[in-house]
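A.B. asks: Give me the fold of what follows.
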Amino acid sequence: MSNTKKPELAAYAEKDITPVMREYIAWLEKETGYKVDPISVQLSSMLRPAFQKSPGNQKRMADAKAARVTAAQAKVERRAERGAKAKQEAK
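C.D. replies: Residues are numbered from 1 along each chain as shown. Now for the predicted structure:
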């Protein structure tokens, strides 16, 4: 008996590909000219919402937002400093 535990979402890989998903796969291949792996397409379509809600992705998004806010604040501060300097030089 194995102590190896299956990943939490492993059952999704065992699901049959639905008729709608088969149509989507055919459409992807027709529109892109790229031969796709049907299981990968199905998994990515079904599990994207779980990924978006995952703690790791939520942290990544929060970190990216914090970096954007910090950069925007620094830009405002630089503008204010340039404005103050120009005002001082104009005197």
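
A.B. asks: hey, where'd the helices end up in this structure?
C.D. replies: Secondary structure of the chain (DSSP state H): helices at 19-32, 38-53, 55-90.

A.B. asks: Kindly reformat these as CSV containing mean pLDDT.
C.D. replies: Formatted as CSV, these follow (pLDDT from 0 to 100):
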stretch, mean pLDDT
helix 19-32, 98
helix 38-53, 96
helix 55-90, 95
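
A.B. asks: Let's have these in CSV, adding distance to residue 13.
C.D. replies: C-beta: built from backbone N, CA, C; applies to glycine. Output for the helices of the chain, formatted as CSV (distance: least, Cβ to Cβ, whole Å):
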stretch, distance to residue 13
helix 19-32, 13
helix 38-53, 6
helix 55-90, 20
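
A.B. asks: Quick check: which of these is nearest to residue 6?
C.D. replies: Closest of these to residue 6 is helix 38-53, at 14.4 Å (criterion: Cβ to Cβ).

A.B. asks: thinking again about what came up before, out of the helices of the chain, which is closest to residue 11?
C.D. replies: Between these, helix 38-53 lies closest to residue 11; by Cβ to Cβ that is 10.7 Å.

A.B. asks: Now tell me what touches that closest one from outside.
C.D. replies: Contacts to helix 38-53, defined as Cβ atoms under 8 Å, 6 or more residues apart in numbering, come from residues 9, 12, 13, 15, 17, 18, 21, 22, 24, 25, 28, 57.
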